[in-house]
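Visitor: With the input below, show me the fold.
(4 chains)
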There are 2 protein chains.
Amino acid sequence: MGRRKIEIARLTDTNNRQVTFSKRRTGLFKKANELSILCGAEVAIVVFSPGNKPYSFGHPAVDVVAAKFLKQECNPNTSQSVSSSKVVNINKYNKQLVNFASQLRDEQEKGAMFDETIKQFAGIETLTHLQMLHASLVKLKENVRSYSRDVEAAETLILFSEKPVKEVKRCVSKRNKKI
Amino acid sequence: MGRRKIEIARLTDTNNRQVTFSKRRTGLFKKANELSILCGAEVAIVVFSPGNKPYSFGHPAVDVVAAKFLKQECNPNTSQSVSSSKVVNINKYNKQLVNFASQLRDEQEKGAMFDETIKQFAGIETLTHLQMLHASLVKLKENVRSYSRDVEAAETLILFSEKPVKEVKRCVSKRNKKI
DNA sequence: GGCCCTATTTATAATTG
DNA sequence: TCAATTATAAATAGGGC
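Guide: Numbers count the residues shown, from 1 in each chain, chains lettered A, B, ... in the order given. Predicted coordinates:
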């Protein structure tokens, strides 16, 4: 709907992309508003601009509709979802956790070797530096380990995310009930 | 945009309202899809029909965008304790990430010192050990950093899963007032 | 960035089958 | 009860300021 027909593909020019975003976001929200008024429908929209700024529209309010949607999704019956591409896969994080753990073990072994090596030197100043470094390393490792533990504790939650949306919702609601 | 101009007011005829809803919902989602593609924007829409059926559109996914929105807009002062042994508070991760970052910077400084110190020693074997250790440390740091980044990326998902609906509501409504 | 303009495309209200 | 069609209103691309 303009002077020229444009192909629906990512706009390459940054400025044009921003301008188009503004115009079309306005249009989208206007349409949403009309839909809600004409049909008495409840609508919630959240958009992030190319510059990652958030914009939202809601009738009667984003939160109301969102909450209603979440409730409904706990018992997915009649909902129709049109979700495009890019499903976030959480497996990656689990793998990294595993790698992390094994690297930590390696570091611990090497740390022991490091301690032995240090003892062979008597230079006080140098020793101090090395010991400081080593202490830092140890502390860092501890933090990493504790962090990993926490991440592991959160793992069940993280794992939800890799499942399809409806599964996620179901799992979460189950969890919430337990709590 | 039709044979006649219509006033934007609640359609009285039930059937017409349902028909119009279907058409306009399709149009709205199409627009949203175009917006996301043209501008690389993230979009989430939830709609309830006059008959109260839920419909949704999301790029990359409703939940992802919603979670991102919530994450951005939830203020720390709003935080209410949801803690149980099973539910992980994401704030903890944020703090740890911050600590991590500063520790990593410290380690980098000390790493430089370490390199200098190493050069003062000539024992090949020892040097090798130390260098190996240092290399490992560097690699570990890199991994920690990249892992942190990834955790951050996944954060919205985690946050989304952990938050009870009522929390969500509050945060979102605050946001709406700002906009 | 925002707001106007307007040729043109697109969405859709009303109609038809 | 619709899906398709069509005439028309609305959105908007590309511009200018």
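
Visitor: For chain A, what lies in contact range of DNA strand D?
Guide: Contact residues, chain A versus DNA strand D (CB under 7 Å from any atom of the strand): A:1-4, A:6, A:16, A:20, A:23-24, A:26-28, A:30-31, A:34. From N, CA and C alone the C-beta is placed, and that goes for glycine too.

Visitor: Go through those and flag which are in helices.
Guide: Among the residues of chain A next to DNA strand D, the members falling in helices (DSSP state H) are A:N16, A:T20, A:K23, A:R24, A:T26, A:G27, A:L28, A:K30, A:K31, A:E34.

Visitor: Drop anything exposed from those residues.
Guide: A:T20, A:R24, A:L28, A:K31, A:E34 (16 or more other CB atoms under 10 Å in any protein chain shown).

Visitor: Can you name the residues that contact the last one?
Guide: Just to be clear, that refers to A:E34. Residues in contact with A:E34 (CB atoms under 8 Å, 6 or more residues apart in numbering or on different chains) are B:I8, B:R24.

Visitor: Can you give me the distance of it to DNA strand C?
Guide: Noted for A:E34: a distance of 7 Å to DNA strand C, by CB to the nearest atom of the strand, to the nearest Å.

Visitor: Check what pLDDT that residue gets.
Guide: If you check A:E34, the pLDDT there is 90.

Visitor: Check A:C39 too.
Guide: On pLDDT, A:C39 comes in at 93.

Visitor: Next: the one 10 residues further on.
Guide: Looking at A:S49, its pLDDT is 92.

Visitor: separation between it and A:D13?
Guide: From A:S49 across to A:D13, the span is 15 Å (CB to CB, to the nearest Å).

Visitor: So for these two, which sits in the more crowded spot?
Guide: A:S49 (18 against 9; other CB atoms under 10 Å in any protein chain shown).

Visitor: which residues does the more buried one contact?
Guide: Per CB under 8 Å, 6+ apart, neighbours of A:S49: A:Q18, A:F21, A:R25, A:Y55, B:C39, B:A41.

Visitor: Now the buried members of these.
Guide: Neighbour counting with 16+ other CB under 10 Å marks A:F21, A:R25, A:Y55, B:C39, B:A41 as buried within the contacts of A:S49.

Visitor: ok, and the closest non-adjacent residue to the first one?
Guide: So that's A:F21. B:C39 (4.1 Å; CB to CB, 6 or more residues apart in numbering or on different chains).

Visitor: In stretch A:60-69, which residues are buried?
Guide: Residues A:A61, A:V62, A:D63, A:V64, A:V65, A:A66, A:A67, A:K68, A:F69 are the ones in stretch A:60-69 that count as buried (16+ other CB under 10 Å).

Visitor: List just the nearest of those residues to DNA strand C.
Guide: Minimum distance to DNA strand C across the buried residues of stretch A:60-69 is 19.0 Å, recorded for A:V65 (CB to the nearest atom of the strand).

Visitor: helix or strand for the closest one, which one?
Guide: helix A:62-74 (DSSP states H and E).

Visitor: Rounded mean pLDDT for that helix, please.
Guide: Summarised as a single mean, pLDDT over helix A:62-74 is 70.

Visitor: And what about A:A9, helix, strand or coil?
Guide: With DSSP: H, G, I helix; E, B strand; the rest coil as the basis, A:A9 sits in coil.

Visitor: Check the gap between it and B:D13 for me.
Guide: 40 Å.

Visitor: Could you do A:F21 as well?
Guide: Distance from A:F21 to B:D13, by CB to CB: 36 Å.

Visitor: Just flag the most distant two among the buried ones among the ones in helices among the residues of chain A next to DNA strand D.
Guide: With distances taken as CB to CB, the most widely separated pair in those is A:T20 and A:E34, at 20.8 Å.

Visitor: Can you pull out the low-pLDDT segments for chain A?
Guide: Chain A contains residues with pLDDT under 70 at A:70-179.

Visitor: sorry, back to before: and which of the ones in helices among the residues of chain A next to DNA strand D is nearest to B:I45?
Guide: Of all these, A:L28 has the smallest distance to B:I45: 8.6 Å, by CB to CB.

Visitor: can you pull the contacts of the closest one?
Guide: If you count contacts by CB under 8 Å, 6+ apart, then A:L28 has A:I45, A:V47, A:F57, B:L28, B:K31, B:A32, B:L35 around it.

Visitor: Understood, closing this out.
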